[in-house]
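**Q** build me a model:
(chains A and B)
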Amino acid sequence: MSDTTERGIEADAPAGEQAKASWRFLKGHLREYGILFALIAIMAFFQVATGGILLRPVNLTNLILQNSYIIIMAVGMLLVIVAGHIDLSVGSVLGFIGALAAVMIVNWDMHYLLAGILCLAAGALIGAAQGFWVAYFRIPSFIVTLAGMLVFKGLTLWLLAGQSVGPFPREFQLISSGFIADPFGMDGFNLLSLLIGIGVATILAGLAIRNRQAQARTGAPSEPFAFFAAKTALIFFGIIWMSWLMADFRGLPNVFIVMALLIAVYSFITSRTTIGRRIYAIGGNEKAASLSGINAQRLTFLTFANMGMLAALAGLVFAARLNTATPKAGATFELDVIAAVFIGGASMAGGVGTVVGAVIGAFIMGVMNNGMSILGIGIDYQQVIKGLVLLAAVIFDVMNKKKG
Amino acid sequence: MPTILEMRDITKEFPGVKALDRVNLSVERGEIHALVGENGAGKSTLMKVLSGVYPHGSYEGEIVFDGAPQSFRTIRDSEAVGIAIIHQELALVPLLSVAENIFLGNERASGGIIDWRETEARAAELLERVGLKENPKTPVGDLGLGKQQLVEIAKALSKDVRLLILDEPTSSLNEQDSEKLLALLTEFRRQGVTSILISHKLNEISRVADTITVLRDGSTVARLDCKDGISEDDIIRDMVGRSLDDRYPPRDPEISDQVALEVANWTVHHPIDAERIVVRDVSFHVKKGEVVGIAGLMGAGRTELAMSLFGRSYGRDISGSAKINGQPADLSSVRSAINAGLAYATEDRKTYGLVLDDTIRRNISMAKLDAVADGIVLNRARETEVAERYRKRLNIKSSSIEQETVNLSGGNQQKVVLSKWLFADPDILILDEPTRGIDVGAKFEIYTVIRDLAKQGKAIVVISSEMPELLGITDRLYVMNEGRFVGEMPTDEASQEKIMARIIKSGEPAT
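**A** Numbers count the residues shown, from 1 in each chain, chains lettered A, B, ... in the order given. Below is the predicted model of the structure:
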């Protein structure tokens, strides 16, 4: 393996060597970092092509709001795909839960909090029902969730009787149209948002440094020092800059906080806990995992239940954003979610993929949608381009794996 | 005899490694030529060069086949001149019939329309030639491995093969099927077909081969003529570059009186065909510090017995009792079996033992993940430390613990599987074919680990189809046949003949 040669390049190595080692490391790990560079490149391209509109505070905020429900579902879908399955029903479940919320809140005058909790529970139950057949009866997930897709599309129509139901009370809308309050009361600038950004950036950088120190104690760190420093600095300043931009508009959206928490929690679960590790093992080789004492059936079941719950959350966010539940809500969302996960480097066969990759994949799709719309490119061309990008990303992944 | 194949000064380099270094191979017409060497010695690479998997130009040296220099660019080129390789992993389509498989890619057809009558007639002829009495219409998936192997050979014959290369053909066959296959090779020799046989089973080689070429570390180290009377020890000496005085570590058992595992009246039914009894009323025990072997032919029910014990991973309607350290044990799931102190290392490490795309580290910790975690949070430092410890202890040859197991040789993969179970720290360890497809050097290392574990007071059950291995490392033997235990003997009093006698006798009167 050639990527072992750069091990041991430490901070005291000369600059030329650092640069070379970093370059070699990058070439060896294109699969992991390529996607991040692709996002940065795509953002840079549209920033220039749109004459700076893309990263204007108002557009950036909009971009996040527009893609929040896709990202929320991509986090759950990542787990499903890593476990070696697929969930085609999430778009329909999103629509169904939106409709359920509308019926409960608007038609029955239920308190929005209680309704929200019931909706999340209903989502988890729907996911569990599908996961039950997949996990315990070994019915292929493609078929179970294809059935689910049809069933919940139909139930949405039935629930709404073919009509749109709305509007929602103001408090409910705040899930996706609200921004965090600013106790500092500065005019036109949300200082708390910036402070949160700085805080998160500092925590992330601190964690990265601590992690590297721990690696140094147990063995050679895998990344060359220069690469590590550049990456950490990029993330640190990137986050602060983004939060500055958003603070300059109306601050961090509520849904952004929800998203960030989900990403953090699920990243941690997948990379640092026994549950996450076991899901990867099941996706990698279910038989070997089972014979190692891992309860593959229960974990698969829970993965689907979790997906259902996140689809429900996305349904609430989407309904709140539209301020109405429509029978068409959620159609083809599952395709965007699945595309995001695969662009983010997950493998169809299971066992491979990261939460952060899936989120970046979702942002790549989101930025392209947004950028192309600003440029006035027709929806026809947009579809073609997005399809080709998905294909290219996966081809790149496969070729890169073969080479490695 | 004239030479049919001459490979001269073949050098093949991969980035950073010289896989073959001026290797010479000369095969005479109509002989059985054995190619031996440890895993990683370059046997497969050499055969890939010969068959055109590595195209002409990607290696140095020349290939002369039938007197003419050859430059194969693809496998089709080498097939066109009559070279056929039968790989360890068979390339058959299970759902297609025997006849369809034989003529796959080479259909008996005119204008794209298949002539089924000719297909089946020709297939029947070929089957007769390889001595397989099966209907050509039978789906290949319904045949046992030994028969599938014969279908592969028939497929090669259908292409007018002149040089037949068999890569580890008997590694997954039982004794009877192996015998048949070797007899077939001898028959081919009489008919003038040349074969190259790659194998780890030295007893087979010394029996059928005319000439042996030994590879070590990518070079030809010896060409032995079997007319001169070659012993297995001679071959081993050339293979490993030193003489292995003893192929098995010394055995000085310290068996305690305490019974670690006691199984009584264990009966298992087939998972799909519930009427069929796969394991019938089996009782056995293993003491602490003891290595017990289970001998038997393939299909005797040994793996099924082990897997049904290990968390009911096989079969249905399982009855009988199992005690661990004198206490009734809960073996209802794999997790509870592990917790009760049982471990089972599978015979098929690629399908059931490893997550191949995962690293050595992640595979080793898999069965006892909780021990490298605080609550549910993994402790990476502790996990790394554990993996490093077992990498050193079992001498796993790899660039680091972060190497993916798919890139390891068979022997090192097996060591990772063993590490996983050693880390789980069981009281009783069942090893199913622990050295299948592994070279002599790695085998010795694994035997040493087994004996060490026994010395530490572990109880060990070894299932193996290689009788010399069982006789070499166990303290006591059970013989299993057709789902029943048909004999028990101390290894000191056992011999291959005695074991076979028990198997044959038990088969005679139907009970």
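
**Q** rest of the way, CA atoms for contacts and neighbours
**A** Noted.

**Q** endpoints of stretch B:155-167, how far apart?
**A** Using Cα to Cα, to the nearest Å, the end-to-end distance of stretch B:155-167 comes to 15 Å.

**Q** and it, what's buried?
**A** Within stretch B:155-167, the residues that count as buried by 16 or more other Cα atoms under 10 Å in any protein chain shown are B:155, B:156, B:157, B:158, B:159, B:161, B:162, B:163, B:164, B:165, B:166, B:167.

**Q** so which of these belong to helices?
**A** Using DSSP state H, the subset of those located in helices is B:155, B:156, B:157, B:158.

**Q** tally of neighbours for the nearest residue to the first one once chain neighbours are set aside?
**A** Yep, that's residue B:155 we're talking about. Closest residue to residue B:155 apart from its sequence neighbours, by Cα to Cα, 6 or more residues apart in numbering or on different chains: residue B:102 at 4.3 Å. Residue B:102 has 28 neighbouring residues, counting by other Cα atoms under 10 Å in any protein chain shown.

**Q** hmm, residue B:152 and residue B:102 touching each other?
**A** Yes. Between residue B:102 and residue B:152 a contact is recorded at 7.2 Å, counting by Cα atoms under 8 Å.

**Q** where does residue A:117 fall, phi/psi-wise?
**A** phi -60, psi -40 (degrees, to the nearest 10).

**Q** show me where pLDDT drops low in chain A?
**A** A:1-15, A:28, A:31, A:218-222, A:402-404 (pLDDT under 70).

**Q** what does it have sitting close to chain B?
**A** Contacts of chain A with chain B, taken as Cα under 8 Å from any Cα of the partner chain, map to A:1, A:4, A:214-215, A:218, A:272-275, A:278, A:281, A:284-285, A:287-295.

**Q** can you show me the strands along the stretch 201-350 of chain B?
**A** B:211-216, B:219-225, B:259-269, B:277-287, B:291-295, B:316-324, B:327-328, B:342-345 (DSSP state E, counting those that start in this stretch).

**Q** and residue A:70, which of those is closest to it?
**A** strand B:342-345 (42.9 Å; Cα to Cα).

**Q** how is the chain divided into domains?
**A** No chain specified, so I'll use chain A. A:34-178+A:260-403, A:182-252 (automatic domain parsing).

**Q** meant chain B actually
**A** According to automatic domain parsing, chain B comprises the domains B:3-240, B:259-341+B:426-507.

**Q** near chain A, anything from the last one?
**A** Meaning domain B:259-341+B:426-507. Yes. Contact of domain B:259-341+B:426-507 with chain A is found when judged by Cα under 8 Å from any Cα, involving B:313, B:333, B:334, B:335, B:336, B:338.

**Q** tell me how far that domain is from the chain's mean position?
**A** 18 Å (Cα atoms, centre = their mean, to the nearest Å).

**Q** can you check stretch B:384-398 too?
**A** The answer for stretch B:384-398 is 24 Å, by Cα atoms, centre = their mean.

**Q** and that stretch, average pLDDT?
**A** Mean pLDDT, stretch B:384-398: 91.

**Q** which residues sit against it?
**A** Residues from elsewhere that reach stretch B:384-398 (Cα atoms under 8 Å, 6 or more residues apart in numbering or on different chains): A:218, B:360-361, B:364-365, B:401, B:408, B:412, B:415-416, B:419, B:445, B:449.

**Q** in a markdown table, list those residues along with distance to residue B:11 and secondary structure.
**A** Below are these laid out as a markdown table (distance: Cα to Cα, whole Å; DSSP: H, G, I helix; E, B strand; the rest coil):
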| residue | distance to residue B:11 | secondary structure |
| --- | --- | --- |
| A:218 | 40 | helix |
| B:360 | 31 | helix |
| B:361 | 34 | helix |
| B:364 | 36 | helix |
| B:365 | 39 | helix |
| B:401 | 30 | coil |
| B:408 | 22 | coil |
| B:412 | 25 | helix |
| B:415 | 30 | helix |
| B:416 | 31 | helix |
| B:419 | 36 | helix |
| B:445 | 30 | helix |
| B:449 | 36 | helix |
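
**Q** does residue A:326 touch residue A:99 like I think?
**A** Yes. With contact defined as Cα under 8 Å, residue A:326 reaches residue A:99; the gap is 7.1 Å.

**Q** okay, and the common contacts of these two?
**A** Common neighbours of residue A:326 and residue A:99 (Cα under 8 Å, 6+ apart) are A:160, A:165.

**Q** these two: which is more packed in?
**A** residue A:99 (30 against 22).

**Q** now do the contacts for the spatially closest residue to that one that is not a sequence neighbour.
**A** Closest residue in space to residue A:99, ignoring its immediate chain neighbours: residue A:325 at 5.2 Å, by Cα to Cα, 6+ apart. By Cα under 8 Å, 6+ apart, the contact list for residue A:325 reads A:95, A:98, A:99, A:102, A:164, A:165, A:166, A:319.

**Q** repeat that for residue B:232.
**A** By Cα under 8 Å, 6+ apart, the contact set of residue B:232 is B:202, B:203, B:206.

**Q** what helix or strand is residue 34 on?
**A** Just so you know, I chose chain A. helix A:30-49 (DSSP states H and E).

**Q** look at chain B instead
**A** Using DSSP H and E, the element containing residue B:34 is strand B:32-36.

**Q** now the strands for the stretch 201-350 of chain A?
**A** Going by DSSP E, counting those that start in this stretch, the stretch 201-350 of chain A shows no strands.

**Q** state the helix or strand in which residue A:155 lies.
**A** helix A:141-160.

**Q** buried residues, that helix. List them.
**A** Buried-residue list, helix A:141-160, by 16+ other Cα under 10 Å: A:141, A:144-146, A:148-149, A:152-153, A:155-157, A:159-160.

**Q** which of those sits closest to chain B?
**A** residue A:141 (21.5 Å; Cα to the nearest Cα).
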